[in-house]
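Visitor: quick check, what structure comes out for this input:
(2 chains)
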Amino acid sequence: MRQLKSLLMALTLVLFTSTSFAATLDDVKARGMLKCGSNTGLAGFGLPNDAGVWEGIDVDVCRAVAAAVFGDATKVEFVPTTSKVRFTVLQSGEIDMLSRNTTWTLQRDVELGLEFVGVNYYDGQGFMVPASLGVSSASELDGASVCIQVGTTTEMNLADYFSANGMSYEAVPVETNSEADAAYTAGRCDVYTTDASGLYASRAGYPDPSAHVVLPEIVSKEPLGPSVRHGDGAWADIVRWSLNAMIIAEEKGITSSNVDEMKNSKDPEVLRLLGVAQVGDTGAGYGQWLGLSDDWAYQIIKQVGNYSESFEKHIGPNTPINIQRGLNALYKDGGILYAPPFR
Amino acid sequence: MQNNFLRKLIFDEKIRSIVIQTLVIGFFALLVYSISQTTAYNLEKRGIGTGFEFLGMSAGYDISFSLIDFTSKDTHLRAYYVGVLNTLLVSICGIFLATILGFLVGIIRLSSNWLFRNIAYVYVEFTRNVPVLLQIILWYSILIHLPKIKKAIQFFEYFYLSNRGLYSPAPIFKEGFSVVTWSFILAIIFSFFLRKFLKNKQNQTGKQFPIFSIMSAIIIFTPVVFFYIMGMPLEFEHPILKGFNFKGGMVIRPEFAGMLLGLSIYTAAFISETVRSGIIAVSKGQREASQALGLKSSLVMRLIVIPQALRVIIPPLTSQYLNLTKNSSLGIAIGYSDLVHGFGGISLNQTGKAIEIMLIVMVTYLIMSLTISVLMNFYNRMVQFKGNA
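Guide: Residues are numbered from 1 along each chain as shown, chains lettered A, B, ... in the order given. Presented below is the predicted three-dimensional model:
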């Protein structure tokens, strides 16, 4: 079926002369709904909850954009995409943006006609094994059977890591996260490899999470972030600064609960962010540059929260996923999360 | 004059049909042209690179289930070959199994034994009414819930069954084994000439020979004799559990076995119905007449019924073979590295060349299907009545 879908996508490219894709913002406004490509289901990053409402830190980026555009974070239609069809779905215009643990690479950014607008999670590929194997390092995995979720940078990193260390392995390629979980827990493979975040998310769903260990080796850089179609810079700016607004909000200590009080802050950057300050004497705030209302960032923080709130709510140490901030802490807290100045 | 031409255009059947056909072809060419132009325009507009250069680029991923050597440093083109071979492997094995099983079940369904007949009936109705994808997934999940590798079931001393596949000793052909292989091939060729000779003799003299027994004896014993003469040039490498996996030996992976079981058992149900209809289509008089001539019931089946039934069976059988081949693309559901899964899946995602890769994959399936059709049509012509019978 996925084959069919990707074929249909290709067909739309083949058959129809495109209407202009330039003004995505206008299309989104006219539709009254943001169409956001999400994961098919990855706990903590993008997964519908019991009530069928999508949740996760990738999902929150979509909600932030909806809050910025409509002032309403719920005006998002999520389109679940597999790792294979995600780019085609975006290229063909079926979705307005893609926010599903997708690694930013040169080829994807340039040759596939996408535009990555930032990084919302710094990840790296890791390995998970059953604790009972007694393996403590990935360098002990010679000859193992490895489950890989296909259609990702993962299989290339895996091939590189094993050949660089002179080790052999049996590749067991599986299509989705849940199939990988099934094959791994059945013992079809000894090792499950994907982005470390994905391993934590999978492990949280196993009957006995403590029976599985994520090995210390991280074998790749996987900056995961939202992307849009190349060629509509104005739309890319909106998505980029929606994400930046969440990061700046954390940096400035603005949360969903104190955002109203912060409107009285003395910090000029806070005032610019929340739409209180005006651009010179134009009588309007900084939203005008993006074609949005002046309270766009206020709405993001009010309805979605800052980056830290999103992180702690979905994947932080107090959730079953249990991921430390690590690289994803703000630059001033020892991480590498850093947003350009809001001015 | 002009009037005359117009009149011809409308009323002359030959000219009229030429005009219409030209128009249709022209329209079709225009369509193809405009589609390709639109595609190129759309791709360029979206900044998506096109072209087939990616085929020469290194694939960057490994395929463990492969008939030819493949590492991550090989090209996407080679990954394509791996995929084609794996698709052919499961299709050919599947066609083989499905045909045998299908013929058996088809004949059993006409048996006079109530129990056998109804078991076959339940089998057919169950398998052909459940989607093949579900059956493949069912078989696969049964296979991966076999004992884990450390607890593999050992049998016949050197065979191990686990959820990572069936491990068996691998033959190692030593010097001189090619003589055995050649003797086998020559024995087959020789026995076919012998068969022709004996058939002629039977036609001339009426004397019957046990042709089948003679042929099998020649084909089996010749290579055996040569095997001993050459000093048994064959050894076995046994699988040994070492570290995470068995080392050495051969293995049938659960992904392959799941595909093979799912495809062949599903298709066999359809084939059995085809076979049954073919047999029923042979008129009762034929059977009665041959019985009246005193032929044994096995001979009635082999000499009278089956040859005539084949005329009815072959055309629908062809489409079952085509279905099986195309269904092999479902390998993606359980991670069997066929053409769609490897080249059409992983390579597609690595390179993002959806249109190019889909085109290649579709053309490949087209070629495979057409080849099967051509071969089956050829066979079909062979089994049709000849002359004015």
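
Visitor: what's the neighbour count on A:Tyr206?
Guide: A:Tyr206 has 15 neighbouring residues, counting by other CB atoms under 10 Å in any protein chain shown. All C-beta atoms are positioned from the backbone trio N, CA, C, and that covers glycine.

Visitor: any idea how far A:Thr102 lies from chain B?
Guide: Using CB to the nearest CB, to the nearest Å, A:Thr102 is found at 11 Å from chain B.

Visitor: strands along the stretch 51-200 of chain A, start to end?
Guide: Using DSSP state E, counting those that start in this stretch, the strands of the stretch 51-200 of chain A run over A:54-55, A:76-81, A:97-98, A:114-116, A:121-123, A:125-130, A:144-149, A:169-174, A:191-195.

Visitor: next up, phi/psi of the residue of the stretch 201-350 of chain B found nearest chain A, please.
Guide: As assessed by CB to the nearest CB, chain A sits closest to B:Asn349 within the stretch 201-350 of chain B, at 3.7 Å. Main-chain torsions, B:Asn349, degrees, to the nearest 10: phi -70, psi -40.

Visitor: nearest to A:Arg325, of the strands of the stretch 51-200 of chain A?
Guide: With CB to CB, the closest approach to A:Arg325 among the strands of the stretch 51-200 of chain A belongs to strand A:121-123: 10.2 Å.

Visitor: per-residue confidence averaged over that closest one?
Guide: The average pLDDT within strand A:121-123 is 93.

Visitor: go on, stretch A:291-311?
Guide: Across stretch A:291-311, the average pLDDT comes to 95.

Visitor: tell me how far that stretch is from the chain's mean position?
Guide: 17 Å (CA atoms, centre = their mean, to the nearest Å).

Visitor: redo the strands of the stretch 51-200 of chain A as JSON lines? Include distance to chain B and mean neighbour count.
Guide: Output for those, formatted as JSON lines (distance: least, CB to the nearest CB, whole Å; neighbours: other CB atoms under 10 Å in any protein chain shown):
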{"stretch": "strand A:54-55", "distance to chain B": "24", "mean neighbour count": "20"}
{"stretch": "strand A:76-81", "distance to chain B": "12", "mean neighbour count": "20"}
{"stretch": "strand A:97-98", "distance to chain B": "13", "mean neighbour count": "26"}
{"stretch": "strand A:114-116", "distance to chain B": "9", "mean neighbour count": "24"}
{"stretch": "strand A:121-123", "distance to chain B": "18", "mean neighbour count": "21"}
{"stretch": "strand A:125-130", "distance to chain B": "10", "mean neighbour count": "23"}
{"stretch": "strand A:144-149", "distance to chain B": "4", "mean neighbour count": "24"}
{"stretch": "strand A:169-174", "distance to chain B": "4", "mean neighbour count": "25"}
{"stretch": "strand A:191-195", "distance to chain B": "9", "mean neighbour count": "27"}
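
Visitor: now the ones you listed in JSON lines, with distance to A:Asn258?
Guide: Shown next, in JSON lines, are those (distance: least, CB to CB, whole Å):
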{"stretch": "strand A:54-55", "distance to A:Asn258": "23"}
{"stretch": "strand A:76-81", "distance to A:Asn258": "25"}
{"stretch": "strand A:97-98", "distance to A:Asn258": "28"}
{"stretch": "strand A:114-116", "distance to A:Asn258": "31"}
{"stretch": "strand A:121-123", "distance to A:Asn258": "25"}
{"stretch": "strand A:125-130", "distance to A:Asn258": "36"}
{"stretch": "strand A:144-149", "distance to A:Asn258": "40"}
{"stretch": "strand A:169-174", "distance to A:Asn258": "45"}
{"stretch": "strand A:191-195", "distance to A:Asn258": "33"}
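
Visitor: for the ones you listed, which one sits closest to B:Ser264?
Guide: Of those, nearest to B:Ser264 by CB to CB is strand A:169-174, at 22.8 Å.

Visitor: between strand A:191-195 and that closest one, find me the angle.
Guide: 60 degrees (axes from the mean of the first three to the mean of the last three CA atoms, to 10 degrees).

Visitor: of the strands of the stretch 51-200 of chain A, which is nearest A:Leu106?
Guide: The closest of these to A:Leu106 is strand A:114-116. By CB to CB, the value is 10.2 Å.

Visitor: so what's the residue of the stretch 201-350 of chain B closest to chain A scoring on pLDDT?
Guide: On pLDDT, B:Asn349 comes in at 79.

Visitor: and it, how many neighbours?
Guide: B:Asn349 has 25 neighbouring residues, counting by other CB under 10 Å.

Visitor: my guess is it contacts A:Lys84. True?
Guide: Yes: under the criterion of CB atoms under 8 Å, B:Asn349 makes contact with A:Lys84 at 5.3 Å.

Visitor: helix, strand or coil for the residue lying farthest from the centre of chain A?
Guide: Here the centre of chain A is the reference, and by CA atoms, centre = their mean the most remote residue is A:Asp281, at 37.6 Å. For A:Asp281, the assignment made with DSSP: H, G, I helix; E, B strand; the rest coil gives coil.

Visitor: number of nearby residues for residue 335?
Guide: With no chain named, the answer covers chain A. 14.

Visitor: sorry, should have said chain B
Guide: B:Gly335, neighbours per other CB under 10 Å, totals 27.

Visitor: give the contact list for it.
Guide: A:Val172, A:Pro173, A:Val174, A:Glu175, A:Glu179, A:Ala183, B:Glu255, B:His341 (CB atoms under 8 Å, 6 or more residues apart in numbering or on different chains).

Visitor: state the helix or strand in which B:Ser141 lies.
Guide: Per DSSP states H and E: B:Ser141 is located in helix B:132-143.

Visitor: buried sites along that helix?
Guide: Within helix B:132-143, the residues that count as buried by 16 or more other CB atoms under 10 Å in any protein chain shown are B:Val132, B:Leu133, B:Gln135, B:Ile136, B:Ile137, B:Trp139, B:Tyr140, B:Leu143.

Visitor: farthest pair in the contacts of B:Gly335?
Guide: Farthest apart among the contacts of B:Gly335 - using CB to CB - are A:Ala183 and B:His341, which lie 14.2 Å from each other.

Visitor: nothing else from me, thank you.
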